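turn this into a model:
(one chain, ligands or ions: 2)
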Amino acid sequence: MSNTRIIAISGGSGSGKSLFTKTLIAEILDEGMDIRVLCEDHYYRDQTHLSMEERLQTNYDHPQAFEHELLEKHLAQLKAGETIEYPEYCFKTHTRLSQSQPITPASVIIVEGIMLLASPELLPYFDLKVFIDTPLDICLLRRINRDVQERGRSLQCISEQYENTVKPMYHKFVAPSRFTADVIVTQGGKNRIALDVLKSHIQQVLK
Ligand SMILES: Nc1ncnc2c1ncn2[C@@H]1O[C@H](COP(=O)(O)OP(=O)(O)O)[C@@H](O)[C@H]1O
Ligand SMILES: Nc1ccn([C@@H]2O[C@H](COP(=O)(O)O)[C@@H](O)[C@H]2O)c(=O)n1
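Ligands and ions are numbered 1, 2, ... in the order given. I've put the predicted structure just below:
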C-alpha cells in the first residue's frame, strides 16, 4: 500500500489558497521535507480548437471546465509511485500549453483548487481536506487586483465574469463543498495558526 498522503486545499477564487499553499510549501521545504504541489488550474480543459470569442463564453467556474479525469489519473499515478507530466495552462489565451513538466512522487502531495471538494470523484484521493473560508467580497477585491496585474483582464471583463459565473457558481458548488472539509481556515493565506497546524500534521505524517 502507498504511503503517499494527499492534502486538498480548496476555497473560492481569491480566498488565499495559493498564498496559503506557497507559504506552507516554502516552510516545509526549508525543513528538507519531501513534498510536491499541484494546482487544479493547470487542469483546465484545452480550448485551442475554439475561437477567442468562444473561449470568453466558457464557464470557468463549473466543475466540467476542468479535466478532472486527468487530475484523477495523476493522483493515482503519484500514489502508485509514478512520475506524472504536469500540464501548463495560460490564463491569457485560455488554453493549455504544449509543454508539460515532470513531477516525481513524494510522501506528501498538496493539491489546491476551487472545485476539488465539489467533485465527488476526487474526494476518495484526499487524506486531508482543507477549505479556506473567506468572505466573497474580500475574494472579489483580491481577484480584481490579481486579474488586472497577472491575468491580463479589464475591469469590465472581471465584473461581467463575476456576475455571470464566478458568484453564482461559488454559491452552487464551492460554498456547499466546505461541508466535506476536515479543516476550515479563516483569514486566507496569512492565518499563522492554521499554517502551523497543517505543518505539524505534515511533520507527523512524514515521521
Ligand atoms: N490573508 C490575506 N491578507 C491579505 N492578502 C491576502 C491574504 N490571503 C491572500 N492574499 C492575497 O490575495 C490575492 C489572492 O490570493 P490567492 O492566494 O492567489 O487566492 P486563490 O489562490 O485562492 O485564488 C493574492 O494577491 C494574495 O497575496
Ligand atoms: N481561462 C480561465 C480559467 C479560469 N479563470 C478563473 O480562475 C478562477 C480559478 O482560479 P483561482 O486561482 O482564482 O482559484 C476561476 O474562478 C475562473 O473564473 C478565468 O478567469 N479564465
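
show me what from this structure comes close to ligand 1.
11, 13-19, 142, 146, 187-190 (C-beta under 6 Å from any ligand atom). Quick note: C-beta positions are derived from backbone N, CA and C, even for glycine.

nearest to A26, of those residues?
Nearest to A26 among the residues of the chain next to ligand 1 is L19, at 10.6 Å by C-beta to C-beta.

still on that earlier bit, can you flag the buried ones in the residues of the chain next to ligand 1?
When the residues of the chain next to ligand 1 are checked for burial by 16 or more other C-beta atoms under 10 Å, the buried set is G11, S13, G14, S15, G16, K17, S18, R142, G188, G189.

can I assume the second one sits in a helix?
No - for S13, which was evaluated using DSSP: H, G, I helix; E, B strand; the rest coil, the result is coil, with no helix membership.

Three-state assignment for S10, please.
Quick answer, by three-state DSSP: S10 is strand.

where's it relative to T48, distance?
Distance of S10 to T48, given as C-beta to C-beta, to the nearest Å: 28 Å.

show me which of the two is the more surrounded one.
S10 (28 against 11; other C-beta atoms under 10 Å).

specify the beta-bridge partners of the more buried one.
When bridges are called by DSSP bridges, S10 pairs up with F131.

that one reaches V174, doesn't it?
Yes - between S10 and V174 there is a contact at 7.5 Å, judged by C-beta atoms under 8 Å.

hmm, back to that, now, the most widely separated pair of the buried ones among the residues of the chain next to ligand 1?
Farthest pair in these, by C-beta to C-beta: S13 and G189, 13.2 Å.

picking up where we left off before, among the residues of the chain next to ligand 1, which lie within helices?
K17, S18, L19, R142, R146 (DSSP state H).

OK, contacts around the fourth one?
What it means is R142. G14, G16 (C-beta atoms under 8 Å, 6 or more residues apart in numbering).

try 6 Å this time
G14 (C-beta atoms under 6 Å, 6 or more residues apart in numbering).

and it, how far from S177?
Going from R142 to S177 by C-beta to C-beta gives 20 Å.

now A80: how far from ligand 2?
28 Å (C-beta to the nearest ligand atom, to the nearest Å).

now that residue: closest residue in space, sequence neighbours ignored.
Counting by C-beta to C-beta, 6 or more residues apart in numbering, the nearest residue to A80 once its immediate chain neighbours are dropped is S2, at 6.4 Å.

am I right that that neighbour is in contact with K79?
Yes - counting by C-beta atoms under 6 Å, S2 touches K79, with 4.5 Å between them.

so these two - more neighbours on which side?
K79 (17 against 12).

ok, back up a step: name the nearest of the residues of the chain next to ligand 1 relative to S100.
Proximity of the residues of the chain next to ligand 1 to S100 (C-beta to C-beta) peaks at S18, which lies at 20.1 Å.

check the secondary structure at S159 for me.
Per three-state DSSP, S159 ends up helix.

tell me how far it lies from V197.
Relative to V197, and taking C-beta to C-beta, S159 is found at 36 Å.
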